[in-house]
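Novice: Need coordinates for the following:
(4 chains)
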Protein chains: 2
Amino acid sequence: MSPTPRRVSTSTAVLPADGRRQNLSLVLQTLRRLGPTSRAQLAREVGVTKVTMSDLVAELIGEGRVRDVGTAEQAGPGKPATLVDLDRSGLLTLAVDLSVPARLQAAVVDVTGAVLHREERAAAVDADEGRGLDPAVVVELVRSVLAVAPHPVLGIGIGTPGLVDPEGTVRTAPNLGWTDVALRALVAEATGLPVLVTNDSDAATQAELSATPGSQDLVLVQVGRGVGCGVVSGGRLVRGAHHAAGEIGHVTVGTDGGETCSCGRRGCLETWLSVPRLRAAADAGEDPASTESVVEVGGHRLAVALAPLVAALDLSEVVLAGPAALLEPVVPVVARSLADRLLPSLDTPLTVRLATSPEDIVLRGAAALVLWDRLGVV
Amino acid sequence: MSPTPRRVSTSTAVLPADGRRQNLSLVLQTLRRLGPTSRAQLAREVGVTKVTMSDLVAELIGEGRVRDVGTAEQAGPGKPATLVDLDRSGLLTLAVDLSVPARLQAAVVDVTGAVLHREERAAAVDADEGRGLDPAVVVELVRSVLAVAPHPVLGIGIGTPGLVDPEGTVRTAPNLGWTDVALRALVAEATGLPVLVTNDSDAATQAELSATPGSQDLVLVQVGRGVGCGVVSGGRLVRGAHHAAGEIGHVTVGTDGGETCSCGRRGCLETWLSVPRLRAAADAGEDPASTESVVEVGGHRLAVALAPLVAALDLSEVVLAGPAALLEPVVPVVARSLADRLLPSLDTPLTVRLATSPEDIVLRGAAALVLWDRLGVV
DNA sequence: GATCATTAGTTAGTACCCTTTACTAACCAA
DNA sequence: TTGGTTAGTAAAGGGTACTAACTAATGATC
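Specialist: The predicted model follows:
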């Protein structure tokens, strides 16, 4: 009766060529999802005719993005299918993780998220003494990895702490001692490649999103020296009015005071929960089950902060990322406190869990963002 | 260096006809934004050639959506423009507001949001006695207004309390005593028109969004018997994993207890802030400036709940909707408490304000949703 | 073993959408 | 009057995806 028309949100006109590119991206996404597939099957999945799909596939084969992988084993009557698949060796990206200054990383990542080659640098950053990270170190690291990359890479993705504007300029990054560093422009000029710069929490969230494609509404909380998060609503990563979405580390939590924070106020989320705090408690052999323990208090306060977010956005998942051993005992605390503070959901209940694979989560997310930007592949 | 390609998020193929429809919608949106405009100007705004724009406009004129409104006064050299504009009289919708059972409303609304004709019904609902609202009342009300509508209407938009699924079935609406009422199907069958059913807070948020098109990231908090909200992130209304986004009334606020709520738990947002509570305090002549006043406490608790949301989504506006006289003193309290609990923004600070025009906000929002669904006009 | 049904993929022709190019119409200014 | 500028239309062309009809290859059935 009211068939909601397929309509997109653009501010500019859609030309036939735009539709074509969209459909090409859709083919790549479908191949990534299904693996080797026949043209006929692809046509059914994407919703075009076999004729059009043959044409689309031919174009992608011509670009080297897709290749023929032989015929399928027979299953039922009819001509056996000739399968095509992503040319996975040709979809490499260079990913950079600046989230830990003492361990700057760059790596060649393939389309599955596997790290093929990695290099690291240690940078000594002391923001208090005005000694920030020299961007030239990043450029050198990128050049070094690029020199040994097996194929030309599709682009460069960089996950960095701090606030990043859409132009790829790092507006402020206290952890790196940066203010208004035009990182994208710098690396792009040095390499001549497309460069994407993103906040590290956003990159991690993108990695999680790629790993669990079913999730459309989740928050990923990254616990490190501080606390940041990435929010996915309706399958889209939230950017925010000032590109500062996810900055929850200095939100006051609770209505009963708290410790004084480095920002000068009291009761910030970071004063309740952080890796240094959890590690100190673990090293001291504190009992995590005790009601007053760091794990108990930190998980509870995180839930207090997340509850309004979960309710207002109707999220289905809360994901914790960071040192797995330290965070694992926090998960049930958060789950319990959230359940205490929210109306139970009618359908599937809220899931609270650790990130599926915390290793290299920023690197993989940065790579995924490049793939998405260049190919429309998630 | 990295020109992010125009790409849309669909799961199905984009055909040229889809692009055409998108472009037609874009013309209507642009006309709504600019008012009477020449074809040449439209072509520049939308990003197609004059030729294509003439064709698009001709099609819209043929459909009766757009009409010629004479030539412009001369301004500079060249042939004077022949202006076209939305045929505003032909873009009527029927909007229904079920948010207050004692005052069910239906109205004919034009494209500017003006209410042309209105009817009301009073329904006595007592959920505790199992006496819910008879959906036939809604159907009768719609029929009655439809009978006197000056033109055929584009569609019917209904704002209702409760949880609404994408099929237009009201899953649960305690205020109406409803469970699984297939409202869309009922009204559509009775009228033969396209029907859209939405949560009332979402409709209100849509109305606010239409009124202030610049805002892309905001939360609208509707305070009534309970508290609900609508969240807009990146210009899109958030739906949530279970179509239950915005249900913040029963989130526990604070870490220091609170009154017992109708839901059985303690410290829910609704126990701190609601219209009955504010009205009782106002009637009792309580001093709103007192630290312990209902206004002070309610505003503070709302800020406690909103702070993590504002930070995580990097919202730029918090809008309060409801009885203006009661809410007006709450605004500065919320603003102050939010500022206390958040890091100050680098750029434009957070705005806290009342809804631009609280009258008929649900009706206008429901109408806006119909326009959006049918025409792609915001 | 021949025929039929079924499925994969291609070829040929068609319809639609937007563009480029070229034109007319209408106005101002010198 | 002539030149310049802008609005709008006409005709032709290229890109995109469609339908219809075909070939190819296989299993099932008689």
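Novice: and A:Asp128, what pLDDT?
Specialist: Per-residue confidence (pLDDT) for A:Asp128: 68.
Novice: number of nearby residues for the residue of the stretch 101-250 of chain A found nearest chain B?
Specialist: Using C-beta to the nearest C-beta, A:Gly240 is the residue of the stretch 101-250 of chain A that sits closest to chain B, at 2.4 Å. C-beta coordinates here come from the backbone N, C-alpha and C atoms, glycine included. For A:Gly240, the count of nearby residues is 22 (other C-beta atoms under 10 Å in any protein chain shown).
Novice: Repeat that for the one 3 residues further on.
Specialist: Neighbour count for A:His243, taken as other C-beta under 10 Å: 18.
Novice: hang on, it packs against A:Glu167?
Specialist: No: the pair A:His243 and A:Glu167 does not pass the contact test of C-beta atoms under 8 Å, sitting 10.1 Å apart.
Novice: Using the three-state scheme, assign the closest residue to DNA strand C within the stretch 51-200 of chain A.
Specialist: Ranked by C-beta to the nearest atom of the strand, the top residue of the stretch 51-200 of chain A for proximity to DNA strand C is A:Gly78, at 2.2 Å. Under DSSP: H, G, I helix; E, B strand; the rest coil, A:Gly78 falls in the coil class.
Novice: Can you give the contact residues for the helix or strand A:Pro332 falls within?
Specialist: In the assignment (DSSP states H and E), A:Pro332 maps to helix A:330-341. Contacts with helix A:330-341, where a contact means C-beta atoms under 8 Å, 6 or more residues apart in numbering or on different chains, come from A:273, A:278, A:295-296, A:298-300, A:302-304, A:306-307, A:310, A:318, A:320, A:350, A:352-354, B:251-252, B:265.
Novice: Close to DNA strand C: what parts of chain A are there?
Specialist: When proximity is defined by C-beta under 7 Å from any atom of the strand, chain A lies next to DNA strand C at A:13-16, A:38-41, A:50-51, A:54, A:76-83.
Novice: what number of residues lie near A:Asp85?
Specialist: Should you count by other C-beta under 10 Å, A:Asp85 turns out to have 16 residues around it.
Novice: Contact partners for the nearest residue to A:Pro101 once chain neighbours are set aside?
Specialist: Leaving aside its sequence neighbours, A:Pro101 sits nearest to A:Val125 (C-beta to C-beta, 6 or more residues apart in numbering or on different chains; 4.4 Å). A:Val125 makes contacts with A:101, A:131-133, A:175-177, as judged by C-beta under 8 Å, 6+ apart.
Novice: which stretches of the stretch 101-250 of chain A have low pLDDT?
Specialist: Judged against pLDDT under 70, the low-scoring parts of the stretch 101-250 of chain A cover residues A:127-128.
Novice: Quick check: residues of it near chain B?
Specialist: Within reach of chain B by C-beta under 8 Å from any C-beta of the partner chain, the stretch 101-250 of chain A has these residues: A:155, A:163, A:168, A:171-172, A:184-185, A:188, A:193-196, A:216-217, A:219, A:229, A:231, A:233-236, A:238-248, A:250.
Novice: In helices, which of the residues you listed fall?
Specialist: Within those, membership in helices is found for A:184-185, A:188, as judged by DSSP state H.
Novice: Burial check on the closest residue to DNA strand D within the stretch 251-378 of chain A, number of neighbours?
Specialist: Using C-beta to the nearest atom of the strand, A:Gly376 is the residue of the stretch 251-378 of chain A that sits closest to DNA strand D, at 13.3 Å. The criterion is other C-beta under 10 Å. On that basis, A:Gly376 has 20 neighbouring residues.
Novice: Over to A:Pro344?
Specialist: Using other C-beta under 10 Å as the criterion, A:Pro344 is surrounded by 7 other residues.
Novice: The one 4 residues further on too?
Specialist: When counting by other C-beta under 10 Å, one arrives at 10 neighbours for A:Thr348.
Novice: May I have the secondary structure class of it?
Specialist: Under the three-state scheme (three-state DSSP), the conformation of A:Thr348 reads as coil.
Novice: same check, this time on A:Trp372
Specialist: Three-state secondary structure (criterion: three-state DSSP) places A:Trp372 in helix.
Novice: now it: how far from A:Ala366?
Specialist: 11 Å (C-beta to C-beta, to the nearest Å).
Novice: Please say which of those two ends up with more neighbours.
Specialist: Comparing A:Trp372 with A:Ala366 by other C-beta under 10 Å, the one with more neighbours is A:Ala366, at 33 against 21.
Novice: Doesn't that one lie inside a helix?
Specialist: Yes: counting by three-state DSSP, A:Ala366 is found in a helix.
Novice: count of residues packed around the residue nearest to it when sequence neighbours are not counted?
Specialist: Nearest residue to A:Ala366, sequence neighbours excluded (C-beta to C-beta, 6+ apart): A:Gly157, at 3.4 Å. The local packing count at A:Gly157 equals 32, with neighbours defined by other C-beta under 10 Å.
Novice: A:Gly157 should be in a strand, yeah?
Specialist: Yes: A:Gly157: assigned to a strand according to three-state DSSP.
Novice: Could you pull up the residues touching it?
Specialist: Here A:Gly157 is in contact with A:93-96, A:195-196, A:198, A:203, A:365-370 (criterion: C-beta under 8 Å, 6+ apart).
Novice: which of the residues you listed tops the neighbour count?
Specialist: Highest neighbour count within those, by other C-beta under 10 Å: A:Ala367, with 37 neighbours.
Novice: Identify the bridge partners of the nearest residue to that residue once chain neighbours are set aside.
Specialist: Using C-beta to C-beta, 6+ apart and skipping the chain neighbours, the partner closest in space to A:Ala367 is A:Val109 (3.8 Å). When bridges are called by DSSP bridges, A:Val109 pairs up with A:Thr93, A:Val115.
Novice: A:Val109 reaches A:Asp97, doesn't it?
Specialist: No: between A:Val109 and A:Asp97 there is no contact under C-beta under 8 Å: 10.7 Å.
Novice: Pull up the overlap in contacts between the two.
Specialist: In contact with both A:Val109 and A:Asp97: A:Leu363, using C-beta under 8 Å, 6+ apart.
Novice: those helices in chain A, which residues are they?
Specialist: Remark: helices assigned in chain A by DSSP H are A:16-34, A:39-46, A:50-62, A:135-148, A:183-191, A:200-211, A:269-272, A:275-283, A:294-313, A:324-327, A:330-341, A:361-375.
Novice: right, so of those, which gets closest to B:Val46?
Specialist: Each of those was scored for nearness to B:Val46 using C-beta to C-beta, and the closest is helix A:16-34 (13.3 Å).
Novice: buried ones in the closest one?
Specialist: A:18-32 (16 or more other C-beta atoms under 10 Å in any protein chain shown).
Novice: Chain B next: which of these are close?
Specialist: Among the buried residues of helix A:16-34, the residues within reach of chain B (C-beta under 8 Å from any C-beta) are A:18-19, A:21-23, A:25-26.
Novice: ok so, going back, closest one to DNA strand D out of the contacts of A:Val125, please.
Specialist: Each of the contacts of A:Val125 was checked against DNA strand D using C-beta to the nearest atom of the strand; the closest is A:Leu176, at 42.6 Å.
Novice: How many residues are close by the closest one?
Specialist: Around A:Leu176 sit 25 other residues, with neighbours defined as other C-beta under 10 Å.
Novice: Nearest residue to the spatially most central residue of chain A in space, please, no chain neighbours.
Specialist: A centroid search over chain A (C-alpha atoms, centre = their mean) returns A:Gln206, at 2.2 Å, as the residue closest to the centre. When the adjacent residues along the chain are set aside, A:Gln206 lies closest to A:Gly365, with 4.2 Å between them (C-beta to C-beta, 6+ apart).
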